[in-house]
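>>> quick check, what structure comes out for this input:
(one chain, ligands or ions: 2)
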Amino acid sequence: MRVFGRRPAFSGGIRLPAHQRREAEATIRQLPFAPRLLLPLRQHAGAASTAVVRAGDEVFRGQLLARADNDSAVPLHAPATGHVLRITEQPDALAGTVQVIELAALAGDTQEYTGGESHDPDRCSADELLAAIHEAGIVGLGGEAGSTHRRLVHARERAVRVLVINGIEGEPGFSRVPAMLARHGADVLAGLRCLRKVLGVERAVLAVETPDGAAARNLLEAAPGGTLPALRVLPPRYPQGAAGLLVRTLAGGAVDGHPAFAADEAVVFSLATVAEVGRMLSGGLAMTDQVITLAGEGLREPGNYRVPLGTPVGFALEQAGMRPEPDRVLAGGPMRGQALAALDRPIVKGATGFVAVAAGETADVPASMPCIRCGECVAACPLELHPAELGFLARRDEWQAMVEDFHLDRCFECGCCAYVCPSHIPLVQMFRTAKAQWRRAQARPAVEAAT
Ligand code: SF4
Ligand code: SF4
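Ligands and ions are numbered 1, 2, ... in the order given. Now for the predicted structure:
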C-alpha cells in the first residue's frame with residue numbers, strides 16, 4: 001500500500017537505526033491522581049481561558065473550570081473530582097503571569113467520568129462535530145499544542161483536500177504515538193471519520209515509520225469498512241515527523257495510480273490528536289488527561305502513561321520509579337527537550353513527555369571546542385539553514401543578523417546540528433537564547449512607547 005511521494009523531499013536530518021518495537025513501547029499505563037493538581041488557564045499555544053469557578057467550589061471530573069472567550073483559547077475542565085483550593089497568579093513564559101487553579105483531588109473516589117453526550121461522526125453534522133471539539137478543549141498533541149478547533153477552522157478556510165495523519169513520533173526514544181496506534185486503533189478510526197467530516201475531505205494518508213508499519217497495516221486491515229486512509233511507511237529519519245517536512249515528503253508526483261497533491265492542499269494532524277478526538281467525542285469526554293512518555297535511565301519503569309492534566313512532573317516521575325537525585329529532567333525528548341527548573345511544575349495540555357537523566361549519565365560529555373568549519377551542521381539541517389554561521393553570530397550577540405540574514409526564526413530547534421557537531425558546540429541552546437534576546441529587543445520599543 002505504498003502511495004504518495006517517492007523519495008525524501010528535504011535534505012539533512014539524522015538517519016536512525018530501525019528497530020522492532022518492544023512490548024513495553026506499545027503499552028499505556030494509567031497514572032493515579034496526585035493529591036493536588038495545578039491547572040494554568042493557559043496550557044497551550046493560544047490565549048488564556050477565563051475561570052468560571054472560585055476557591056472553595058466543589059467540582060466533578062469533566063466539569064468546566066474555565067471558558068474560552070477568544071478564538072485561540074480553549075476551555076479547561078476538571079481532571080478530577082474534588083474542590084478548588086485557590087486561584088493564584090503565577091509566572092508565565094509568554095504572558096508574564098497566568099492564573100492557576102489549584103485543585104484538591106477527592107481521596108478514595110472512583111473518579112468516574114460523568115461527562116457529556118457522545119458524538120457519532122456518522123450522525124452529527126460537520127458543524128456539530130467542530131463545536132464538540134471546541135467544547136472538549138482539545139489541543140494538538142504532536143508537540144504544537146495549539147487549539148485543534150482553530151486549526152480545523154483554518155484548514156476549512158483553506159479548502160484542504162487531503163488529511164494527513166502523522167503517526168511518526170516526534171522524538172527518538174518516545175513511543176506514545178506508536179502505543180496509541182497499537183492500543184487505541186478504534187479511537188484513531190473514529191477520530192479520522194470525525195476530522196474527515198469536519199474538513200469535508202475524502203482523501204487521507206496515514207504516515208508511519210518502518211517499526212510501526214505492521215501495526216498500521218493491522219489497524220487498516222481490521223477496520224470495519226468505509227474509506228480507509230492510504231498508508232505510507234517511511235524509513236526512520238529524524239525529524240521527518242515535523243508537520244512541514246512530512247507534508248513535503250508525502251506531497252509530490254502521482255504514485256500507484258493516486259493523483260498528486262500539493263503540500264498546501266493538505267493539513268497534518270498528529271495521530272495522538274486524532275485518537276483523542278475519537279476517544280473524547282465517542283465517550284462524551286472533555287480533555288482531562290493525555291498520554292505521555294516518561295523516559296530515561298533515571299526511571300526504573302519508563303514507558304507510556306495516561307496522566308491527568310495538572311499532575312506535578314515530580315509526582316508522575318515518582319510513579320514511574322524515579323531513582324534518587326536524577327542529574328536533570330528534560331521537558332520534551334532527548335533531542336528537543338529543555339531542562340526543567342523545578343519538578344513541581346504541572347503537566348499541561350500538549351506535553352509529549354519527560355526524560356529523567358540519571359546521575360552520572362552525562363558525566364563524560366566532552367567540553368565544547370572551537371568550530372572547525374567542517375560543515376556537518378549545515379548538511380544536517382533539514383531547513384537548509386547555516387547553523388555554523390548562526391553560532392558565530394550568536395557569540396557576538398548579533399541577533400538582528402541572525403534573524404534577518406540567516407533566518408533564525410525558521411529554526412524549530414530540532415537539534416540535528418548540535419547532534420552532529422564534532423566540536424560539541426551547544427548550538428540549539430545558543431539559538432534559544434538568541435531568539436529570547438531578539439523577542440525582548442523587539443518588545444522594548446513598544447514598551448518604551450507605552451510608558
Ligand atoms: S536546530 Fe535549527 S539550525 Fe539546527 S538543524 Fe534544527 S532547524 Fe537547523
Ligand atoms: S558542525 Fe560544529 S564544528 Fe562543524 S561547522 Fe558546524 S558548528 Fe562548526
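>>> could you measure from Ser49 over to Ala145?
Using Cβ to Cβ, to the nearest Å, we find Ser49 at a distance of 14 Å from Ala145. The C-beta positions use only the backbone N, C-alpha and C, and glycine is treated the same way.
>>> more neighbours: these two, which one.
Using other Cβ atoms under 10 Å as the criterion, Ser49 and Ala145 rank with Ser49 on top: 25 against 20.
>>> need the nearest residue in space to the more buried one, chain neighbours excluded.
Ala66 (3.8 Å; Cβ to Cβ, 6 or more residues apart in numbering).
>>> and the helix or strand hosting that neighbour, which strands flank it?
Applying DSSP states H and E as the criterion places Ala66 in strand 64-67. Using DSSP bridges, strand 64-67 pairs in its sheet with strand 50-51 (antiparallel), strand 76-77 (antiparallel).
>>> re the thing from before, could you list every residue that touches the residue nearest to Ser49?
The contact partners of Ala66, taken as Cβ atoms under 8 Å, 6 or more residues apart in numbering, are 41, 49-53, 75-76, 101.
>>> most neighbours, which of those residues?
Scoring the contacts of Ala66 on neighbours with other Cβ under 10 Å, the highest-scoring entry is Leu76 at 31 neighbours.
>>> that one bridge partners, please.
Ala66.
>>> what's the answer for Ile14, then?
The partner list for Ile14 in beta bridges (DSSP bridges) reads Tyr238.
>>> burial of Asp69, as a residue count?
11.
>>> for the one 3 residues further on, same thing?
Around Ser72 there are 15 other residues, counting by other Cβ under 10 Å.
>>> name the nearest residue to it, sequence neighbours excluded.
Gly46 (3.5 Å).
>>> cool, Leu37 as well?
The nearest residue in space to Leu37 (Cβ to Cβ, 6+ apart) is Gly310, at 3.2 Å.
>>> can you pull the contacts of that neighbour?
Contacts of Gly310 (Cβ under 8 Å, 6+ apart): 34, 37-39, 79, 103, 346-348.
>>> closest one of those residues to Ser11?
Nearest to Ser11 out of the contacts of Gly310 is Val348 (Cβ to Cβ; 34.3 Å).
>>> what's around that closest one, how many residues?
Other residues near Val348 come to 19 when the count uses other Cβ under 10 Å.
>>> likewise for Leu220?
If you count neighbours by other Cβ under 10 Å, Leu220 ends up with 17.
>>> cool, Thr227 as well?
With other Cβ under 10 Å as criterion, Thr227 counts 12.
>>> what sits closest to the closest residue to ligand 1 within the stretch 1-150 of the chain if chain neighbours are left out?
As assessed by Cβ to the nearest ligand atom, ligand 1 sits closest to Gly12 within the stretch 1-150 of the chain, at 6.7 Å. With sequence-adjacent residues excluded and distances taken as Cβ to Cβ, 6+ apart, Gly12 is closest to Pro382, at 4.3 Å.
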